[in-house]
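Engineer: Please work out how this folds:
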Amino acid sequence: MTRANHPSDRNVAEVAWLYYIKGLNQADIAKMLDLSRPTIISYLRLAKERQIVGVKIVGAHFRVNALADALRERFGVQNAFVVPNDGMSDEETTLQVCEAAAQFLPDFVVEGDILGVSWGQTVSFVSERVPWWPVRGLTVRQLIGSLANPLLPTSESCTTEIARRLSAHCVNLNAPAVCSDRELAERLRAEPIIAEQLSKLGECNKAVYSLSPCTFDTHVVQFKLATEADISYYVSKGAVGIIAGRFIDPDGNPVLGDLDERMIGADHATLRRMAGLLVVSGVSKLQPTLAALRGGYVSNIVLDTRLAEDLLAG
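Structural biologist: Down below sits the predicted model:
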């Protein structure tokens, strides 16, 4: 086989280096290496497919300036990325918001950060779309314990995938998310290995998560993290939203109950200390999003235009 139709990674990397780093155009590279221009184009495509080159889109391109500026001013967030959703279905909107968040994530973290990762469908979509972009010295930690069904988008699967794509050190939380009774949860939290992992969650300086309203169709119920009875109880106590399994009222204050005593994961105070990247879409998330913003859980937000407009109208 010839070099042109079956190139080695070394040859592909050479072309990628000349094009992306040295700034040479395709014609100049073809002349320098005695290859055709179509071959150079093919090599550049292979560089992405073989993950020799990681491509990410600068987050600013997802910004709808007027809405983003207004959100930053109103809620004091560092960054707001607003994704247009005119003519798109709810599912399409969610995927576009997750794509934007995934492209921003490598810019959200820097060398030495410890990133906490939550769970759920939205965070899973984000994890699957993060560009291959190594961040030196990054650690990624699981914020909440394991769920019963390993096929669901659990915190450990999201944590592992994000760490893999950013070439980060991955630390999973080796415990169930929820125990059957508080005494068992207390004993597990006291186990040296689990106690150390929970303590280390306090070292997370950043986090990525989504949120849910307090309804029976939320993923928190579907994934059996909570029951409908649990939801009813927390709603009766004023809860409007759920972040990483924790319930909050309209001002973002903790709403506590029996479930909190049976849960193994980051608590409200731990979550609040992190710079949070909130990924959320859909007007059904209006009240919990407002609560999270008011409660200090959010430093960066990625959302759709309709939700952004409703937040600013409230």
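Engineer: which residues touch the least confident helix or strand in the chain by mean pLDDT?
Structural biologist: Ranked by mean pLDDT, DSSP states H and E, the helix or strand of the chain with the weakest confidence is helix 219-222, at a mean of 82. With Cβ atoms under 8 Å, 6 or more residues apart in numbering as the test, helix 219-222 has contacts from 120-121, 212, 226-228, 231, 242, 245. Placement of C-beta: from N, CA and C, glycine included.
Engineer: right, and the helix or strand after that helix?
Structural biologist: Counting by DSSP states H and E, the element after helix 219-222 in chain order, helix or strand, is helix 228-236.
Engineer: buried stuff in that next one?
Structural biologist: Neighbour counts over helix 228-236 (16 or more other Cβ atoms under 10 Å) mark 230-231, 233-234 as buried.
Engineer: ok, now stretch 200-208?
Structural biologist: Buried residues in stretch 200-208 (16+ other Cβ under 10 Å): 201, 204, 206-208.
Engineer: would you list the buried residues of helix 228-236 in JSON lines and tack on distance to D251?
Structural biologist: Shown next, in JSON lines, are the buried residues of helix 228-236 (distance: Cβ to Cβ, whole Å):
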{"residue": "D230", "distance to D251": "21"}
{"residue": "I231", "distance to D251": "20"}
{"residue": "Y233", "distance to D251": "19"}
{"residue": "Y234", "distance to D251": "15"}
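Engineer: Out of those, which is nearest to L71?
Structural biologist: L71 has its nearest neighbour among the buried residues of helix 228-236 in Y234, at 27.4 Å by Cβ to Cβ.
Engineer: confidence score at the closest one?
Structural biologist: Y234 carries a pLDDT score of 97 in this model.
Engineer: pretty sure it contacts I248?
Structural biologist: No - the pair Y234 and I248 does not pass the contact test of Cβ atoms under 8 Å, sitting 9.5 Å apart.
Engineer: And the strands in the stretch 51-200 of the chain?
Structural biologist: 79-83, 114-117, 139-142, 169-171 (DSSP state E, counting those that start in this stretch).
Engineer: do you know which of those strands lies nearest E91?
Structural biologist: Nearest to E91, of all those, is strand 79-83, at 13.5 Å by Cβ to Cβ.
Engineer: which strands and helices sit next to the closest one?
Structural biologist: helix 65-75, helix 90-108, strand 300-304, helix 305-313 (3 or more Cβ pairs under 8 Å, 6 or more residues apart in numbering; DSSP states H and E).
Engineer: Just name the most buried of the ones you listed.
Structural biologist: Using mean count of other Cβ atoms under 10 Å, the stretch among the helices and strands packed on strand 79-83 with the largest mean neighbour count is strand 300-304, at a mean of 27.
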